[in-house]
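Asks: return atomic coordinates for the entry below.
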Amino acid sequence: MKHESAENHVTGRAVYTDELRVPVGLLRLYPVQAPHAHARILALDIATAAAMEGVHAVLTAADVPGVNDTGPILHDEPLIPTDQVRYHGQAVAWVAAEDGTMARAAAQRVQVVYQALPAILGIEAAEAAASFHLPPAKVERGDVAGALAAAPHRISGEVRCGAQDHFYLETHASWVEIDGDGLVHVTASTQHPSETQAMVAHVLGLPSHRVVCRCLRMGGGFGGKETQANAFAALCALAAQRTGRPVAIQLPRSLDMQLTGKRHPFRGRFEVGFDADGLLLAMDVDLVADGGWSCDLSPPVLMRAMVHVDNAYYCPHVRVTGRIAKTHSTSHTAFRGFGGPQGMLVGEEIIDRVARHLGLPPELVRARNFYRPGRTPDRNHTHYGQPVVDNHLDALWAQAHADAEYACRRIEVDAFNAAHASRKRGLAITPVKFGISFNKTEYNQAGALVLVYRDGSIQLNHGGTEMGQGLHTKMIGVAARTLGVDPARIRVMATSTDKVPNTSATAASSGSDLNGQAVRAACLTLIARLTPVAAGLLGCAQEDVRFRDDGACASATTGRTRGEAAPAVGFAELVQAAYDARISLSATGYYRTPAIHWDAAAGRGHPFYYFAYGAAVAEVEVCVHTGVHRLLRVDLLHDVGDSLNENIDRGQIEGGFVQGLGWLTCEEVVWGADGRLLTDAPSTYKIPTVADVPRDFRLRLFQRPAAASTDVVFGSKGVGEPPLMLALAVREALRDAVAACGSGGIVELASPATPEAVLRAIRAQRARLASAAPQPPAAPPSPRERGEDTEALT
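Replies: Prediction:
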């Protein structure tokens, strides 16, 4: 099956939130933004703006009839601030006007008096001020202090990774209309319609059954619309309630970048003990995430980073401590990988430093430290107590080596570097082990509603949202495969809270796992109802009925001679017969992920149903004079289980890798000294382009050697997030190229590894090389240097 919206995407017919039916009298919103990162609001005068032509309302905190909050965890996010500004550009009021131009003009006429306050900008400033969200978190196993003290080798270090803007093609958009019965209709570009519904109700002071939230499709989300869509929908609803008119918002790109959170910047400090073979013995890791001004989803993001520091590597003694810095910047939020990439970057930094400290090939040290079952002591349990189920790391690693011809290319790269002074190449291979499930156990559930009509056509409703990733296409495939019908019979409906309630966010790479099982459960209920009807039409026993080929038939061995065709009935005929027999043709389905649990206080449990595995080989070339680099070739090998749709999975792997490439090499988010976002447009914020993707881009899907031990829908695996971490191979290849400019030893490389960062690393390597070079013998001291009287000597 091709993507269900593919033709509409490429022809421009795909309809997004702001392109749906425009209600008569639609108003537009625009913010009044603060020019300080931290300030006290002393006075707010809206009279002039409110009197302007076309303006229907200027919303302030005083207009909120319910609870002025949209925080998903700590309830620390006022929708409109009452007394303080907490990040540069924060909206202190919103203007609702006839069009966006009028709203913007009026916003500029709102008079606000501020008292500037000291701003906490960055992790170090937060540490100095002891400004943190929540107490520290800890995950620990073994005797870390004792193992470090006894280790033959010990090193310590620090690594940082920057923020990343989601840069979805469709910016945040919502519109709200309140009908004559007072029902609030919300149409939003949101990954979590049920939470958007709840937040709108919360702000308006209504029960949830008075609000319906609908999402047709999103033009990208990547986690940025998991919680942060809620505020914009709530603002539209507040304005609609206040004015009695439908209200919409679609943020311009610059506003979207200024008002919304990013991927969390992280700082990791570590001390690691290891032996002469590079085997890890003990790790003590301290992680600090910059959470921004409010908590948002920072606690689960931090925890996922803490449980992914290990990546694919076993260490018997581990302590990971995590804190969330409270700073005066936008509230950082979910982003593809949800903390996993930051944690795994720290883990790869540790492995590379261990290897270079010992003078060993990094790929050798990586393989030596893999989780492996059946060893003594048990090397297949994570530092948080979960077994690494269905561990295919060794087989996948060996295939990745062979497919990419790694050994031969290693020789070729070394020869190239020996022959070229101005250009250096780097080659690296890195693994991925990524846990699949929500950190929050209660989110691991889903529902579906399947409606079959008398003509055999089918409406499919499920709780997941479509953001281009192909979830709807996969759900059509699951339903068609379970019912045995032609996919053309099935229409996926817009995700809506009045069809499937209490849904979880489409996130955590679990959209297909959760919703697929719920859809399958609903279809199996229908199969159970249709089976007796089919048996009667076919004249066979119920256990001999098979649903396939767009209908039902008797099994091949049912009372027939060889060569006799199996009796069959078409799906539409079967459905009509079921209707005539007064059998229900609609069914709900429900699923909850089994066997998962997590004790956050203890830092122990089984938080993931299974792991997705992968490996990547990357080859880069670097100009040693400028740091400019290009990716020459990449070989990806990824485990998607038994794919629900191979083309869609391939697209997700390629797209995830390129987004990771951007985070690690070119997407640099920069704030000014006053806290203002300086990279708020495509002209200043560089996302990867087609020119950054290598011409030689190879991808293979890993065929696992044995059936999975977990029951995922049709044996598939989540594929949304894990491929992003495959891009870590590019960072390590850049490090390898930088190392070729020196004489060995640890290579410190900033993230993102922009050309400037690479050039700084090259200069550091060359400075170290120069300082290690033997110096020529010193010239004998002159008479003046000996302190002699030169005039007397003359």
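Asks: helix, strand, or coil at the most centrally placed residue in the chain?
Replies: Central residue of the chain (Cα atoms, centre = their mean): Arg336, 0.8 Å from the mean position. At Arg336 the chain is in coil, as set by DSSP: H, G, I helix; E, B strand; the rest coil.
Asks: that one touches Gly223, doesn't it?
Replies: Yes: shown here, Arg336 and Gly223 form a contact pair, counting by Cβ atoms under 8 Å, at 5.7 Å. Quick note: C-beta positions are derived from backbone N, CA and C, even for glycine.
Asks: which helices and strands does the longest helix along the chain pack with?
Replies: Counting by DSSP state H, the longest helix found in the chain is helix 511-538. If you count contacts as 3 or more Cβ pairs under 8 Å, 6 or more residues apart in numbering; DSSP states H and E, helix 511-538 packs onto strand 445-452, strand 458-462, helix 471-483, strand 545-548, strand 551-554, strand 568-570, helix 571-580, strand 586-592.
Asks: list the buried ones in the shortest one?
Replies: This means strand 568-570. 568-569 (16 or more other Cβ atoms under 10 Å).
Asks: neighbouring strands - and their directions - for that strand?
Replies: strand 551-554 (antiparallel) (DSSP bridges).
Asks: let me see the mean pLDDT of the strand it pairs with.
Replies: Mean pLDDT, strand 551-554: 97.
Asks: and the contacts of that strand?
Replies: The contact list for strand 551-554, computed with Cβ atoms under 8 Å, 6 or more residues apart in numbering, reads 484-485, 530, 534, 537-540, 544-546, 566-571, 573-574.
Asks: list the contacts for Glu226?
Replies: So Glu226 contacts 191-192, 297, 333-334, 505, 507 (Cβ under 8 Å, 6+ apart).
Asks: Three-state assignment for it, please.
Replies: With three-state DSSP as the criterion, Glu226 reads coil.
Asks: how near is it to Val432?
Replies: 22 Å (Cβ to Cβ, to the nearest Å).
Asks: so Met257, which of the three states?
Replies: helix.
Asks: can you give me the pLDDT of it?
Replies: For Met257, the predicted pLDDT is 98.
Asks: run a quick neighbour tally on it.
Replies: 24 (other Cβ atoms under 10 Å).
Asks: same thing with Ala577?
Replies: 16.
Asks: do you know how far the nearest residue to Arg40 once chain neighbours are set aside is from Gln84?
Replies: Nearest non-adjacent residue to Arg40, counting by Cβ to Cβ, 6 or more residues apart in numbering: Gln115, 4.3 Å away. Applying Cβ to Cβ, the value for Gln115 to Gln84 is 10 Å.
Asks: quick revisit: so the residue nearest to Arg40 sits in a strand?
Replies: Yes: under three-state DSSP, Gln115 sits within a strand.
Asks: so what's it up against?
Replies: Gln115 sits in contact with 39-40, 42, where contact means Cβ under 8 Å, 6+ apart.
Asks: which of these are buried, as a ChimeraX select command?
Replies: Applying 16+ other Cβ under 10 Å to those, the buried members can be selected in ChimeraX as follows:
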select :39
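Asks: let's have the contacts of Gln115 in TSV, adding distance to Asn417 and secondary structure.
Replies: Output for those, formatted as TSV (distance: Cβ to Cβ, whole Å; DSSP: H, G, I helix; E, B strand; the rest coil):
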residue	distance to Asn417	secondary structure
Ala39	53	strand
Arg40	58	strand
Leu42	62	strand
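Asks: any chance of JSON lines for the contacts of Gln115, columns distance to Ala772?
Replies: Formatted as JSON lines, those follow (distance: Cβ to Cβ, whole Å):
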{"residue": "Ala39", "distance to Ala772": "52"}
{"residue": "Arg40", "distance to Ala772": "55"}
{"residue": "Leu42", "distance to Ala772": "60"}
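Asks: which one of the contacts of Gln115 is nearest to Val452?
Replies: Ala39 (58.8 Å; Cβ to Cβ).
Asks: which SS class is Ala43?
Replies: Three-state call for Ala43 (three-state DSSP): strand.
Asks: for the remainder of this discussion, apply numbering that starts at 388.
Replies: Shifting the count to begin at 388 puts that one at Ala430.
Asks: excluding chain neighbours, what is closest to it?
Replies: Val500 (4.0 Å).
Asks: one more: His520?
Replies: Ile711 (4.2 Å).
Asks: quick one: the helix or strand containing the one you found to chain centroid distance?
Replies: Assigned by DSSP states H and E, Ile711 belongs to strand 704-713. With Cα atoms, centre = their mean, to the nearest Å as the basis, strand 704-713 stands 20 Å off its chain's centre.
Asks: which elements pack onto that strand?
Replies: helix 510-515, strand 519-528, helix 531-537, strand 667-679, helix 685-693.
Asks: quick one, which of these is nearest to Leu593?
Replies: Using Cβ to Cβ, the nearest of the helices and strands packed on strand 704-713 to Leu593 is helix 685-693, at 27.9 Å.
Asks: got the contact list for that closest one?
Replies: By Cβ under 8 Å, 6+ apart, helix 685-693 touches 460, 520-521, 524, 526, 651, 653, 674, 676, 678-679, 707, 709-711, 719-721, 725-727, 729-730, 733, 822, 826-827, 987, 990.
Asks: try 7 Å
Replies: 460, 520-521, 524, 526, 651, 653, 674, 676, 678, 707, 709, 711, 719, 721, 725-727, 729-730, 826-827, 987 (Cβ atoms under 7 Å, 6 or more residues apart in numbering).
Asks: now list the buried members of the residues you listed.
Replies: Buried, going by 16+ other Cβ under 10 Å: 460, 520-521, 524, 526, 651, 653, 674, 676, 678, 707, 709, 711, 719, 721, 725-727, 729-730, 826-827, out of these.
Asks: so His768 touches Arg762, yeah?
Replies: No: assessed by Cβ atoms under 7 Å, His768 is found out of contact with Arg762, at 10.8 Å.
Asks: between the two, who's got more neighbours?
Replies: His768 (16 against 10).
Asks: what sits against that one?
Replies: His768 neighbours (Cβ under 7 Å, 6+ apart): Pro774.
Asks: what pairs with it across the strands?
Replies: Pro774.
Asks: before we move on, the earlier item: now for Gln502 and Gln471: what residues contact both?
Replies: Joint contacts of Gln502 and Gln471 (Cβ under 7 Å, 6+ apart) are 426-427.
Asks: ok, now how distant is Val497 from Ala490?
Replies: 11 Å.
Asks: those two - which one has more neighbours?
Replies: Each of Val497 and Ala490 has its neighbours counted (other Cβ under 10 Å); Ala490 has more, 25 against 22.
Asks: give me phi/psi at that one?
Replies: Torsion angles at Ala490 (phi, psi; degrees, to the nearest 10) stand at phi -60, psi -40.
Asks: quick check: it touching Val482?
Replies: Yes: judged on Cβ under 7 Å, Ala490 makes contact with Val482 at a distance of 4.5 Å.
Asks: anything in contact with each of those two?
Replies: Shared contacts of Ala490 and Val482, counting by Cβ under 7 Å, 6+ apart, come down to 416-417.
Asks: what segments of the stretch 1038-1181 of the chain are strands?
Replies: 1083-1088 (DSSP state E, counting those that start in this stretch).
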